[in-house]
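**Student:** The following block contains a protein sequence and its predicted model.
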Amino acid sequence: MRLIKKLDIFMLRQFMMLFTGAFFISLFVLMMQFLWRYVDELIGKGLSMEVMAQFFWYMALMLVPTALPLAVLLASLITMGNLGESSELTAIKASGVSLLKSVRALIAATCVIAATSFYFQNVVGPNANMSFRQLLLSMKQKSPELEIPEEIFYSGIPNCNLYVQRK
């Protein structure tokens with residue numbers, strides 16, 4: 001039975017703190033970019049806070065597999081950079097521990113993260129995508145009069161031609 005070394009705990013703690021922060025920051029950035037795509041469907045519809053919360057929840061679930069690799073990359077770069085900057089990597093190498101042994105906890109953590117990403121991509125992602133599309137369709141149909149443009153003739157209604165001067 002292999003005991004977990006203090007070095008593994010130290011490296012894992014450094015990595016996981018940075019990973020958590022990087023994950024939520026990258027998820028927030030991706031959500032804000034994704035939000036600009038659908039801002040027309042959200043503005044002026046009179047949607048309740050519950051519907052908006054569902055919209056953001058499904059959007060976050062869909063973007064988790066995209067945010068995880070970004071967070072792993074950022075966290076690993078910052079972790080190794082911080083260890084190199086404070087000469088801890090030099091101390092680890094000077095004590096006779098190989099680089100592979102010093103990062104094995106990080107490799108195990110990224111394997112767990114990869115399995116989580118696989119689960120999200122195969123199980124949670126399609127369900128969230130389907131629910132998101134259904135919610136978006138119902139949001140579009142909530143107030144279709146807002147889709148009629150101003151100051152041009154609108155022929156989107158069968159057997160009818162509308163001219164809206166101002167809403």
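**Tutor:** Arrived safely, thanks for sending.
**Student:** C-alpha from now on. contacts and neighbour counts both.
**Tutor:** Will do.
**Student:** which outside residues touch the helix or strand of the chain with the lowest mean pLDDT?
**Tutor:** Each helix and strand of the chain was given a mean pLDDT (mean pLDDT, DSSP states H and E); the minimum falls on helix 39-42 at a mean of 74. Residues from elsewhere that reach helix 39-42 (CA atoms under 8 Å, 6 or more residues apart in numbering): Leu136, Met139, Lys140.
**Student:** The last one - how many residues pack around it?
**Tutor:** Spelled out, it's Lys140. 16 (other CA atoms under 10 Å).
**Student:** and what of the first one?
**Tutor:** Leu136 is flanked by 17 other residues according to other CA under 10 Å.
**Student:** contacting residues around it?
**Tutor:** Contacts of Leu136 by CA under 8 Å, 6+ apart are Glu41, Phe55.
**Student:** Angles on the backbone of it, please.
**Tutor:** Torsion angles at Leu136 (phi, psi; degrees, to the nearest 10) stand at phi -70, psi -40.
**Student:** Now do it against Leu74, distance only.
**Tutor:** If you measure Leu136 against Leu74 using CA to CA, to the nearest Å, the figure is 32 Å.
**Student:** do the same with the last one
**Tutor:** Here the criterion is CA to CA. By it, Lys140 lies 37 Å from Leu74.
**Student:** Show me the residue at the heart of this structure, geometrically.
**Tutor:** Averaging the C-alpha coordinates of the chain gives a centre point, and the residue nearest to it by CA atoms, centre = their mean is Leu27 (3.2 Å).
**Student:** which non-adjacent residue is nearest that residue?
**Tutor:** Taking CA to CA, 6 or more residues apart in numbering as the measure, Leu27 lies nearest to Ala67, with 5.4 Å between them; neighbours along the chain are not counted.
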